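In: A predicted structure for the sequence below; I have some questions about it.
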Amino acid sequence: MRTLGRFIAGGGIVAFFFFSWIIEMLWNSIVVGHLGLFKPLNYWQAAGLWFLITILFAGVGIGTGRSVWWSRWTRD
């Protein structure tokens, strides 16, 4: 079970860096390239942006109703 937990945690770290790269590519191609609104982001700025987004929206539960989370919380 401990090995599975390490694998999942490692996958989460890899996913964080992968999605940081995706955010950088999307920002630089759409916002900068097509719209010309802001300056391009480097990789670490995109990682910081992704980290802030994660902190801000982690407890919101976008896309799920409260009853789903409440039933999981109260279930024994």
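Out: Sure thing, it's come through.
In: give me the neighbour count for Gly33.
Out: 10 (other Cβ atoms under 10 Å). For the C-beta atoms, the positions are set from N, CA and C on the backbone; glycine is no exception.
In: surely Phe38 touches Val32?
Out: Yes - using Cβ atoms under 8 Å, Phe38 is in contact with Val32, at 6.3 Å.
In: and the two? Which one has more around it.
Out: Looking at Phe38 and Val32 with other Cβ under 10 Å, you find the greater number of neighbours at Val32, namely 14 against 10.
In: for the nearest residue to that one once chain neighbours are set aside, grab the count of nearby residues.
Out: Distances taken as Cβ to Cβ, 6 or more residues apart in numbering put Pro40 closest to Val32, at 4.9 Å, once the chain neighbours are dropped. Here the number of neighbours of Pro40 (other Cβ under 10 Å) works out to 13.
In: Pro40: what secondary structure?
Out: Secondary structure assignment for Pro40 (DSSP: H, G, I helix; E, B strand; the rest coil): coil.
In: so what's it up against?
Out: Pro40 sits next to Trp27, Asn28, Val32 when contact means Cβ atoms under 8 Å, 6 or more residues apart in numbering.
In: shaky segments in this protein?
Out: Applying pLDDT under 70 to the chain flags the ranges 1-9, 59-76.
In: still on that earlier bit, shared neighbours, Phe38 and Val32?
Out: Here Phe38 and Val32 have no joint contacts, going by Cβ under 8 Å, 6+ apart.
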